[in-house]
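**Student:** Model the structure of this input:
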Amino acid sequence: MLMRLMIVLAAVPVAVVLHLEATSLVPLLIVVGLTVLTVLMPGSAGPALLIGYAALAMAFADGHPVRLGVLIMIPALHLIHVTSALAAVVPVKTRIELAALKAPARRFAIVQVITFVVAAFAAVIPSGAGIGLVEVLGLGALTVVIGVVALRI
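**Tutor:** Alright, predicted model coming up:
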């Protein structure tokens, strides 16, 4: 039950950000519906649909690619992914010891650090029509280096 509650708590900032960036209630209703589906059936396509919808909605929204809403979405959507995966394999009435969550929490934190380092790098690269191949290759190389380092941790 704890994992399903965490799914709902992680979906709240997703719903709030999408609602604040939208001009209608439709994104909020979609997120609520997909969250209910995810909580009821975490092993279904619900989590992927929720994460994919939110990511696409943010990608096609107006504003800077590395704005506050995007930075809030990154850990929230990752937390939905992690908790849905755990909820799919742990029976609902099982009591989960906090020690059992230590490894997933550590991996979650490592991925977040890596993601925010890449986001910080992406925030300083020039954008627009004149973006150079060197900047894109640099971002790709940085991502690979961080990934290799993370695998060794």
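**Student:** From G63, how far out is the nearest residue to L71 once chain neighbours are set aside?
**Tutor:** Of all residues not flanking L71 in the chain, A119 sits nearest, at 6.8 Å (C-beta to C-beta, 6 or more residues apart in numbering). For every residue, glycine as well, the C-beta is placed using N, CA and C. Distance check for A119 against G63: by C-beta to C-beta, to the nearest Å, it reads 14 Å.
**Student:** For those two, indicate the residue with more neighbours.
**Tutor:** Between A119 and G63, counted using other C-beta atoms under 10 Å, the more crowded position is A119 (14 against 11).
**Student:** measure the more buried one to L142 for me?
**Tutor:** Going from A119 to L142 by C-beta to C-beta gives 11 Å.
**Student:** do the same with K93
**Tutor:** In terms of C-beta to C-beta, K93 sits 44 Å off from L142.
**Student:** The two: which is more packed in?
**Tutor:** With neighbours defined as other C-beta under 10 Å, K93 and L142 compare such that L142 has more, 15 against 6.
**Student:** Of all the residues in the helix or strand encompassing that one, which ones are buried?
**Tutor:** Here L142, judged by DSSP states H and E, is contained in helix 133-152. Residues of helix 133-152 classed as buried: 143, 146 (neighbour count, 16 or more other C-beta atoms under 10 Å).
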